[in-house]
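[1] only the shape, not the letters, is given here:
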């Protein structure tokens, strides 16, 4: 077991659903949470996958994630809804937000779902993809408490608030950009620490706010492109948290009781492509653009020019077929949680 | 004159308006173009300022920018408009787009203006600011023909398509993020070339697609954060150009006649903050967040933590008071254009 296990996506999803259901979550919510976590594992983004299960149990037990949320539409306008998620799992509130934004877009050309008081939104691309599969161009951002450097500061000021944009490609496919506003995903720093490799300069500062290339002393990731990344993160906070009147940065930096709790806010915008012209024409123009980009001469050492999300899609095909390797440490941690709730491991 | 001249914002605006009017542009359009160009000069972004005048005259004479555009709303939905700009100056079509998006947002909570067939949109932050001054959170992107490396390629594949987000700060102020999707603004490479300084690795490739630190041989800027920047640029093309069915990347990469013409498309989304909660509360939460960020401990050598757009605002106050230095070469170029149309230089 020291070298980990290989499991199928189905086995992982059944396991995750069983753990959350045993903990007391409604089965349909547990299924949604499991589906989104496994989707990230399939695409090669384990930082947003089942390794989060123990942390989710923690935030449930701290009463920060609500097992039986009463989500409400706190405000409804012609083109927009404000969803109060009542601390629902992010996967549940964000899937609802994607459906609501698409519903509004079908009526108005564009639709907005603002989501306040949710929890870890996980892989944002899952929800923009949900809207894209309904013929939407979708744009989402989610806001979390400070864990990243604001440009010029030497302590965390903003979060690595991700931004995702997805568009439909036809035939049930989509093109998904899903990017953190940090120069690098936190997961890459953790991975470097585990494999004993140095990280490049410019990735992170240590706890004293000094640049470091030692992943073990890296405390805060730096923002993508300096002021650009931290500016984007701040603007996502403005839209997701300040319009919804649930500020995260201010509460945490001021050290209030509220600011010590796990909380997230988010927004998802859907644009109904077919309201402006034929969806087929959009899809064919997109395929043409993709083919033109893929035919560009490549830099040395580059085997293929990839579209946003394409690497993850291919990884998902391979992993769905061959199963996924879960590291021993992760598997043992999940195993301890499963044992607590009497859930058998696959 | 070799060291340039110092002029006031008023003088520059009068000059720009006079040149475009003399060329045959409607006076109100010429005034808008002049205002937006000088706004960029005031904020210390000369690459989007009056130095563009000679290029604008070129694209007018190539019949790519229309002196007498008949802008139309090609499609109107409850929350959105599709504006056909008829090759209007970008300043004119984008100012209209900001007004239309805000109008729609007031009715629906969110409003979208898609703009097809416009020309150089110049400083995108000008238009998100227009919407912000109406109480909107505004988000805009504009698409141009390929001038930047797509991640992995060694020839231009996407443009440095900028993204801007602005929010109101109350008292007629706003906070404006306005960022290109390239690792650095083209203007900085040009500036390095003029001052004979090397550029850092990772900024640009030369015409053969090889990395270079010589600004004079830099042909293509690299995307911000590799796949993130080029992915964002591609997504802006999808929303601005493919939904509006006026593809730029494909036409240019395929070398069609259309693809050789100067053309741009854009989008502007406005969210009516007051529709979701009191605007005053948004503004006070924002001020609180800004104060908290500014109070963070600073990195060595950082005198102050700045908000998005803050450096530009301060520069504008200073330049409005003291005038602006225009480099001799730029002034001489504008002078030649002015002379052609019988316009006196200040």
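    Happy to help now that I have it. The shown structure was predicted, so the numbers you read here are calculated from the model rather than taken from an experiment. Residues are numbered from 1 along each chain as shown, chains lettered A, B, ... in the order given.
[2] not counting its neighbours along the chain, what's nearest residue A:310?
    In this structure, residue A:310 finds its nearest non-sequential neighbour in residue A:175, 7.8 Å apart by C-beta to C-beta, 6 or more residues apart in numbering or on different chains. Every C-beta, even on glycine, is put in place using the N, C-alpha and C of the backbone.
[3] what do you get for residue A:108?
    The nearest residue in space to residue A:108 (C-beta to C-beta, 6+ apart) is residue B:79, at 3.3 Å.
[4] check which residues of the helix or strand bottoming out on mean pLDDT in chain A are buried.
    Least confident helix or strand, chain A: helix A:186-195 with a mean of 80, by mean pLDDT, DSSP states H and E. Using 16 or more other C-beta atoms under 10 Å in any protein chain shown as the test for burial, helix A:186-195 gives A:186, A:188-190, A:192.
[5] before we move on, what about stretch A:71-79?
    A:71, A:74-75, A:77-79.
[6] in strands, which of these fall?
    The strands, defined by DSSP state E, take in A:74-75 from those.
[7] tally of neighbours for the closest residue to residue A:286 other than its chain neighbours?
    Once flanking residues are discounted, residue A:286 sits nearest to residue B:242: 5.7 Å by C-beta to C-beta, 6+ apart. Per other C-beta atoms under 10 Å in any protein chain shown, the neighbour tally for residue B:242 reads 27.
[8] for residue B:242, give me phi and psi.
    phi -90, psi -40 (degrees, to the nearest 10).
[9] just checking, what packs against the biggest helix by length in chain A?
    Taking DSSP state H as the criterion, chain A has its longest helix at helix A:90-108. On a contact count with 3 or more C-beta pairs under 8 Å, 6 or more residues apart in numbering or on different chains; DSSP states H and E, helix A:90-108 meets helix A:27-42, strand A:80-84, strand A:110-118, helix A:125-132, strand A:136-143, strand A:264-272.
[10] which of the ones you listed sits closest to chain B?
    Nearest to chain B among the helices and strands packed on helix A:90-108 is strand A:80-84; the distance by C-beta to the nearest C-beta comes to 3.2 Å.
[11] what does that closest one contact?
    A:71-76, A:93, A:96-97, A:100-101, A:104, A:111-117, A:244, B:108-110, B:271, B:275-276 (C-beta atoms under 8 Å, 6 or more residues apart in numbering or on different chains).
[12] coming back round to it: quick check: buried residues in the longest helix of chain A?
    A:90-102, A:104-108.
[13] if we can go back for a sec, for the helix or strand harbouring the residue nearest to residue A:310, give me every contacting residue.
    Using DSSP states H and E, residue A:175 maps to strand A:173-179. With contacts defined as C-beta under 8 Å, 6+ apart, strand A:173-179 is touched by A:123-125, A:128-129, A:132-133, A:162-169, A:224, A:286, A:290, A:307-310, A:312, B:225, B:228, B:231-232, B:234-235, B:238.
[14] tell me, how many residues neighbour residue A:35?
    By other C-beta under 10 Å, the residues close to residue A:35 number 16.
[15] and what of residue A:261?
    Around residue A:261 there are 17 residues (other C-beta under 10 Å).
[16] look at it and report its pLDDT.
    Reading off the confidence values, residue A:261 has pLDDT 96.
[17] do the same with residue A:79
    98.
[18] what do you get for residue A:1?
    pLDDT, read off for residue A:1, is 42.
[19] and if you look at residue A:198?
    94.
[20] for residue A:193, what are its contacts?
    A:215-216, A:218.
[21] now tabulate the residues you listed in CSV and tack on pLDDT and secondary structure.
    Conversion of the contacts of residue A:193 to CSV gives the following (pLDDT from 0 to 100; DSSP: H, G, I helix; E, B strand; the rest coil):
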residue, pLDDT, secondary structure
A:215, 93, coil
A:216, 93, coil
A:218, 94, strand
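[22] closest one to chain B out of these, please.
    residue A:218 (15.2 Å).
[23] who are the contact partners of that closest one?
    A:189, A:193, A:199, A:203-206, A:212.
[24] among those, which are located in helices?
    Going by DSSP H, the helices hold A:189, A:193 from the contacts of residue A:218.
[25] buried subset of the contacts of residue A:218, written for PyMOL?
    Isolation of the buried members of the contacts of residue A:218 (16+ other C-beta under 10 Å) is achieved in PyMOL through the command below:
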select buried, chain A and resi 189+199+203+204+205+212
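[26] among the contacts of residue A:218, which two are most distant?
    Taking C-beta to C-beta as the measure, the contacts of residue A:218 span a maximum distance of 15.1 Å, between A:193 and A:205.
[27] quick one: low-confidence parts of chain A?
    For chain A, residues meeting the criterion pLDDT under 70 lie at A:1-3.
[28] looking at it, which residue lies furthest from center?
    residue A:297 (32.5 Å; C-alpha atoms, centre = their mean).
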